[in-house]
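Asks: Fold the following, please.
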Amino acid sequence: MRKPWGERKYGLTFLYLLCFVQFGALLYDPLDQIPTATDKREGYGLETRISTLPGEVWAPCQGYLAARAGKQEFAHQAPMWDIFRCGDEETRTLLEEQVKEALRAKRFSAILLDSELLQLPWFERELVRSYEAKRRVFSDEDVFWPVTGRKGRPEVFYVPKVSLDPDRSSRPW
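Replies: Here you go, the predicted structure:
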């Protein structure tokens, strides 16, 4: 038995509405997701600066930058947060001690963070004791911002604090 016209009308209306929404999606322009020429230039410039630094560079928020610059990658902040919030105690303690020891030993010639506010509160004391915010990454506040996802960009280079050790006196800063 055929459905009465009134019931079919609702089905057709729904079908037309779906088609309208699908055509509306064509208004989305994926070209808006491509970085500007300025963003690309600044990104390549940052990559070059990182590659010329001696030693290891830790970029816990954007580890891909160190990797693109030919440096070794280290722990990213997101899984570190997971371990500190939800990990078992043994793993958490091991990770915490390894990172604290690396900071105390000034293992990294630079640490690249999103801001002067620390993203890794468990290591604040060691970072502040051993490193100092030395240099802003970008002079222009409008460059190198992601167009999708979390709105964060590298902001500050932390470098080892100067010691009286003459071997640590030659830095590119």
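Asks: Tell me how many other residues crowd R92.
Replies: 16 (other Cβ atoms under 10 Å). Every residue, glycine included, has its C-beta placed from N, CA and C.
Asks: Which parts of the chain are helices?
Replies: Per DSSP state H, the chain carries helices over the ranges 5-25, 37-52, 63-68, 77-86, 89-104, 124-130.
Asks: Look up how far R136 lies from P35.
Replies: To R136, P35 is 20 Å away according to Cβ to Cβ, to the nearest Å.
Asks: of these two, who's got more company?
Replies: Set side by side, P35 and R136 show more neighbours around P35, with 15 against 12, by other Cβ under 10 Å.
Asks: and the more buried one, what does it touch?
Replies: P35 is in contact with 43, 147, counting by Cβ atoms under 8 Å, 6 or more residues apart in numbering.
Asks: Look up how far T148 lies from it.
Replies: Separation of P35 from T148 (Cβ to Cβ) stands at 11 Å.
Asks: pretty sure S115 is touching E155, no?
Replies: Yes. Counting by Cβ atoms under 8 Å, S115 touches E155, with 4.8 Å between them.
Asks: between these two, which one's more packed in?
Replies: Legend: neighbour count by other Cβ under 10 Å for S115 and E155, higher for E155 (18 against 13).
Asks: number of nearby residues for the closest residue to G55 other than its chain neighbours?
Replies: Spatial nearest neighbour of G55, chain neighbours left out: S109 (3.6 Å); criterion: Cβ to Cβ, 6 or more residues apart in numbering. Here the number of neighbours of S109 (other Cβ under 10 Å) works out to 20.
Asks: And for R49?
Replies: Around R49 there are 18 other residues, counting by other Cβ under 10 Å.
Asks: can you check L95 too?
Replies: 17.
Asks: wait, what's in contact with it?
Replies: Contacts of L95 by Cβ under 8 Å, 6+ apart are 75, 80, 83-84, 87.
Asks: how far away is it from E101?
Replies: Counting by Cβ to Cβ, the gap from L95 to E101 is 11 Å.
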